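Visitor: Quick check, what structure comes out for this input:
(3 chains)
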Amino acid sequence: MSAVLLSISGLTKAYPGVVANSNVSFDIEEGQVHALLGENGAGKSTLVKMIYGLVKPDSGKMMLRGSVYTPSEPRAARAAGVAMVFQHFSLFEALNVAENIALGMENPPRMRDLATRIREVSETYGLPLDPYRTVGDLSAGERQRVEIIRCLLQDPKLLIMDEPTSVLTPQEVEILFQTLRKLTSEGVAILYISHKLEEIRTLCDHATILRLGKNVGSCVPAETTARDMAELMVGSAFEAPARAGRALGDVALDVTGLSLPAPNEFGTSLRNIHFTVQQGEILGIGGVAGNGQDELLGALSGEILSDAGAIVLKGQPIGRLGPVARRALGLLAAPEERLGHAAAPDMSLTENALLTGAQRENLMSRGFLKWAETESFAKRIIEAFDVRTPGPENAARSLSGGNLQKFVIGREVLQRPEVLVVNQPTWGVDAAAAAAIRQALLDLAAKGTAVICISQDLDELMEISDRFCAVNEGRLSDIKPTQGLSVDEIGLMMGGAHGMEVSHA
Amino acid sequence: MDLSSISPTLLLASLMVAATPILLAALGELVVERSGVLNLGVEGMMITGAICGFAVAVETGSPVLGFAAAAVGGAALSLLFALLTQVALANHVASGLALTLFGLGLSALLGQGYVGIKPPPTDKLDIPLLGDMPFLGPVVFSHDLMVYVGLALVVAVWWMLNHSRAGLVLRAVGENHDAAHALGFKVVRVRIMAIMFGGACAGLGGAYISLIRVPQWTEGMTAGAGWIALALVVFASWKAGRVLLGAYLFGGITVLQLNLQAAGVDIPVEYLSMSPYVITILVLVIMSADRSRAPASLGRTFHASS
Amino acid sequence: MMLKLEKRAQPSLLWTYLTPLVAVICTMIAGGALFAVLGKNPGEAIATIFWQPLFGEFAFYYRPQLLIKGAPLVLIAIGLSLGFRAGIWNIGAEGQYIIGALTGAGVGLAFYPAEAWYIFPLMVMAGALGGWAWAMIPAVLRTRFGTNEILVSLMLVYVAEQLLAKMALGLLRNPEGHGFPGSRNFQQYPSGHNAEIITGSGMHWGVVAALIAVIFSYILLNRHILGYHIRLTGQAPRAAKFAGVNPTQLILFCLGTSGALAGLAGMFEVSGPAGQINIDFNVGYGFTAIIVAFLGRLHPVGILLAGLLMALTYIGGEIAQSNLGLPAAAIQMFQGMLLFFLLAIDVLTNFRIRRTKREAV
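Guide: The predicted model follows:
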């Protein structure tokens, strides 16, 4: 048994109306990979923000190597040897790698020396990176390397990693784990935050499980089944979505040779994309973030126009039609970003119901709006999808992520689409809402709608889709039936380990 | 019409003088915008600086004190904008417009007793040897101190932005304020300091107009120079060196049209007077093809949620 | 302890209505302090500005002035509010106002001295068209080249002012004016005169147009898909694109409409209260209307009230100028202050203030 590095006892943090952490205690040992396990909203983020000095606890105390540890700001945390890799990278796209790394250091050396050190560290840990490349041009995996190297350059004693694998291909995950194991062998402790049970079982020595802000248990992951951990995490077991056998109909959407230039400097161009979806089928499109998912959704929803014949809906070319015309023909979509893209944050749910429902739900006549009908449409969505809100007059931003996502998906599902395209339908959503959304997609397909589900959650795609493919740098892989796909195959479809083959060959 | 009355030496020399106010103001705004703040109040800060500098120079008899007062005045006014946008989280565009309207009113009020007075003259530097060089001497080496302060400021801002830690932090805040906050940088503090620097520079620019270029006080005398400075920042793609280029370009146009007016060219005075504005628009159109270099957080309100 | 802002889940309805009132009160207090510094009795100055024009001895003269000064402000502000709501910043209304006056007056003077019923309607159309065309310059540059409409529309104000000077001294100069600058006076040309509809009321056709604009704008914003799209674009541009809004059309519509309304305001002004084109024809209505639009919370009814309030400060300011010797600039600053307080207090609509223990923010 090695020495305790960080000891947390009785940490509590309350925000108005919600207790984020209540009396949380646990110890992290040197050289240990310690998992912090919990659902979205269980209080993991608040806890690590307290350790990293971004948030101050209301009560409780932390001891680092036996002395009281009260970081007043991230700078103090870094000085004490605590480093953090964020889930949403705190990187600056317009700056280069070396500049980004210098920003995270207290006393950065001169740029040229820093670049040399970056090269050294990246070779030592098998994380190839060019210090002078602009971060905006890097893939998600490469960006994570920037964050990790930024932390490593400060010789951390404790490395906090917040959902690090959500942006990686399976091959890249394996490489990351090798790096982490090398670090622990040098005595670095790692606090590993995740809700992915299998990877915790592979990697972590010890796990602390949070639910609703409380520490509800701890275990040694290698000796515990995923099912037991899941029950601790969620509190009760959830029904896996039921999947009725269904017959596939005619081809509903036919995409042929869809190519589009990148819409902005750091966007991805789409290159020669081909696929078809049949009525009643769910096509899963996987891939690491930033490989063209947003652009593909935009091209299908009509926000980005393409050649007329590149997209054919039930025999009709629609590439030149805008979102309104496509909706009228039955092609609906739900983008990834809920606040600001799928919904207007400051508008009421009624007004948000109008956002895509105006045409198909007949909510206006000659341009004049029928607010009464719109409100009842919003109420129907709220009721059918169990959206928890006092009423349709509330602003979209007042809803929790899961509830707003149910509203957004429900708004499209209730309009009886011929084809529905969703991007990241359960991202950042609690388990109950995620299960409900997946069930809704399955039910919709059972009624004959063709569903295209773009997602970075491979488990989700394996669960609901009939066929699977992946986008990688704007290209679509071959499409294969989901059943019988191996993790290796999926990883290769997602592009393998981006630019990593050399160092780990 | 007598074009021969226009002397190239004098033209180039007065070009440097004409360029200085917008150069100063645009450099300040450049720093502000690189920190992610869009302050449309440059015109208001300039005119406030113009009257503060003028009044103090007249009362004390010292142009140097005048310029110092102008910088303080501009910075003080910009602090109002900083309070609105950084503390009260108000919209940058609306707050900037408010600042301009307020500044125009304030300056008119302050300037009531100063109409028609001559300010104390600002000495031209008499640089030995260099100033005696033919052509280059009168064009480049025989101006007042502020012309060289402006030039030095270009170098200082360029160096600060690209080669100093402070500049790196400033750019980081302007590119992604949430990430900068997560790294522990004080976004609001950095921005308030940038805004006040911008205010001080605009104030200096304004005072240069009232103390040296014109030199006297009239209401609304900046006549859109602050807006041209804003356009200059876009023209320069947020780069200090190109601000200098742009300022000389606009200074050149202004001086040329004034010279043409004086030479009695057969173009109506009004058309010549509107030419700097028309050319500004044309340049903006040409430059707007290249939008990628704007700081990514420009004009977005920052509120730390955690 | 320190104060900290915390985002509300819902915008506060109470503060939405309270903000303008509190801002006006704060401005009165700060303005009073300003007047005290200038050596005036603050109570008297405030009363002169806000009370005299409405209920003072000469109120019968000032009350109609309220409509005359308020109409152009409301007309311009209504147009601006559409763009502001969509995040399209036309701040060159002053220029569109000038051009509208020039085209409107130009058409009228072209008919001089003919008398016919259709001359005035033609002038109205020309004024709207002139303002519209001037606003289409930034609109087209923005949609075609992505040029910043704030800077372009503003630069065009200076261009318009030079054009005004050129016209007042050249093409439109009164041939019988003994060489003085300025056009013929419309008050002496019945077919082109925007006369009071009810004598002594201040009610001219510009007032009618302003009221119609308020009603149309209300219906547009609350009952029509186009108004919904305008609001959506301002609040969430990506969501608007997703909903199917064509940003190009929206920019053209918003800038075009605000330009046309500003042009109308200029035309009604030149053919009525001002009477003639002259070098100093424009007095900054186009800029004050920006304050009016924000003070009215970009809401049509709010703008109507704000326009009247701002007209009051203009008139009250003039009285204070002649009676108390208060400088004209003071009132301009007073108006700027009002916008400051409004923007500052507006934070309470979306945030609440909490007292917290000191914490690294």
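Visitor: what about the residue lying closest to C:Gly272 once chain neighbours are set aside, neighbour count?
Guide: Of all residues not flanking C:Gly272 in the chain, C:Asn194 sits nearest, at 3.4 Å (CB to CB, 6 or more residues apart in numbering or on different chains). Heads up, the C-betas are built off the backbone N, CA and C, glycines and all. Neighbour count for C:Asn194, taken as other CB atoms under 10 Å in any protein chain shown: 24.
Visitor: what does the one 3 residues further on give?
Guide: C:Ile197: 12 surrounding residues under other CB under 10 Å.
Visitor: Nearest residue to it in space, please, no chain neighbours.
Guide: Leaving aside its sequence neighbours, C:Ile197 sits nearest to C:Met203 (CB to CB, 6+ apart; 4.9 Å).
Visitor: so the residue nearest to C:Gly272 sits right up against C:Ser271, yeah?
Guide: Yes: assessed by CB atoms under 8 Å, C:Asn194 is found in contact with C:Ser271 at 4.0 Å.
Visitor: Return every residue with contacts to both of these two.
Guide: Taking CB atoms under 8 Å, 6 or more residues apart in numbering or on different chains as the criterion, C:Asn194 and C:Ser271 both touch C:120, C:186.
Visitor: re the thing from before, which residues touch the residue nearest to C:Gly272?
Guide: Taking CB under 8 Å, 6+ apart as the contact definition, C:Asn194 lies against C:120, C:186, C:204-206, C:268, C:271-272.
Visitor: swap in A:Lys13?
Guide: Counting by CB under 8 Å, 6+ apart, A:Lys13 makes contact with A:19-21, A:46, A:50, A:55, A:57-58.
Visitor: One more: A:Met364?
Guide: Contacts of A:Met364 (CB under 8 Å, 6+ apart): A:358, A:370, C:225.
Visitor: Look up how far C:Tyr228 lies from the nearest residue to the first one once chain neighbours are set aside.
Guide: Take A:Ala358 and drop its neighbours on the chain: the residue closest to it by CB to CB, 6+ apart is A:Met364, 5.5 Å away. Using CB to CB, to the nearest Å, we find A:Met364 at a distance of 9 Å from C:Tyr228.
Visitor: try C:Met310
Guide: Between C:Met310 and C:Tyr228 the computed distance is 29 Å (CB to CB).
Visitor: Could you do A:Pro392 as well?
Guide: Distance, A:Pro392 to C:Tyr228, using CB to CB: 16 Å.
Visitor: repeat for B:Ala180
Guide: Plainly put, B:Ala180 is 36 Å away from C:Tyr228 if you go by CB to CB.
Visitor: re earlier: between A:Pro392 and C:Tyr228, which one's more packed in?
Guide: Set A:Pro392 next to C:Tyr228 and count neighbours by other CB under 10 Å: C:Tyr228 wins out with 25 against 22.
Visitor: Verify the stated contact: that one with A:Trp371.
Guide: No: using CB under 8 Å, C:Tyr228 makes no contact with A:Trp371, being 10.2 Å away.
Visitor: Now tell me which helix or strand of the chain has the poorest mean pLDDT.
Guide: Unless you meant another one, I'm taking chain A. Among the helices and strands of chain A, helix A:501-504 carries the lowest confidence by mean pLDDT, DSSP states H and E, at a mean of 40.
Visitor: wait, I meant chain B there
Guide: In chain B, the helix or strand scored least confidently by mean pLDDT, DSSP H and E is helix B:136-140, which has a mean of 69.
Visitor: after it, next one along is what?
Guide: Downstream of helix B:136-140, the next assigned helix or strand under DSSP states H and E is helix B:145-163.
Visitor: tell me the centre residue of chain A?
Guide: Nearest to the geometric centre of chain A sits A:Trp427, at 5.1 Å (CA atoms, centre = their mean).
Visitor: how close does the residue most central in space within chain C sit to chain A?
Guide: In chain C, the residue lying closest to the centroid (CA atoms, centre = their mean) is C:Ala289, at 2.2 Å. The gap separating C:Ala289 from chain A is 25 Å, by CB to the nearest CB, to the nearest Å.
Visitor: residues near the closest residue to that residue other than its chain neighbours, how many?
Guide: With CB to CB, 6+ apart as the criterion, C:Ala289 has its nearest non-adjacent residue at 3.7 Å, and that residue is C:Ile76. Using other CB under 10 Å, C:Ile76 has 37 neighbouring residues.
Visitor: likewise A:Gly428?
Guide: 16.
Visitor: In this structure it contacts A:Ser45, no?
Guide: No: with contact defined as CB under 8 Å, A:Gly428 does not reach A:Ser45; the gap is 10.9 Å.
Visitor: Which among the contacts of C:Asn194 count as buried?
Guide: Buried residues within those, counting neighbours by 16 or more other CB atoms under 10 Å in any protein chain shown: C:120, C:186, C:204-206, C:268, C:271-272.
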